[in-house]
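Visitor: Next input, structure requested:
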Amino acid sequence: MHLAETDRFDPVHFDEVVRVCHESRTQSDARRRLVGVTRPERKHADDADRLVKYFARFGLSWPAVTHHRSGANWGV
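Guide: Below is the predicted model of the structure:
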């Protein structure tokens, strides 16, 4: 799936996730920041894995996202 093929909500959401990732030291740190409120309620707290799966939906990975320049066009 590419961002251009999603609902208008998805690119806005994606941009915020990328922003947090750029500000975070690790995948786990980014995911904790993204779901800090609901994290304690989750059965499994594998933060990095959920972020890996989220980016995989768009054919991306942590290195691809964190090395991509902030504010760049993601195909939207």
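Visitor: Tell me which residues touch Ser61, please.
Guide: Residues counted as contacts of Ser61 (CB atoms under 8 Å, 6 or more residues apart in numbering) are 52, 55. Where C-beta positions appear, they are placed from N, C-alpha and C, glycine not excepted.
Visitor: mind redoing it with 7 Å?
Guide: Going by CB atoms under 7 Å, 6 or more residues apart in numbering, Ser61 touches Phe55.
Visitor: okay, and for the protein, where does confidence drop off?
Guide: For the chain, the stretches flagged by pLDDT under 70 are 1-6, 8-9, 37-48, 69-76.
Visitor: and with 90 instead?
Guide: Within the chain, the ranges that satisfy pLDDT under 90 run 1-15, 26-29, 31-60, 62, 64-76.
Visitor: where do the helices sit along it?
Guide: 9-23, 27-34, 47-56, 62-67 (DSSP state H).
Visitor: now, of those, which is deepest in the fold?
Guide: helix 27-34 (a mean of 19; mean count of other CB atoms under 10 Å).
Visitor: tell me what it is packed against?
Guide: helix 9-23, helix 47-56 (3 or more CB pairs under 7 Å, 6 or more residues apart in numbering; DSSP states H and E).
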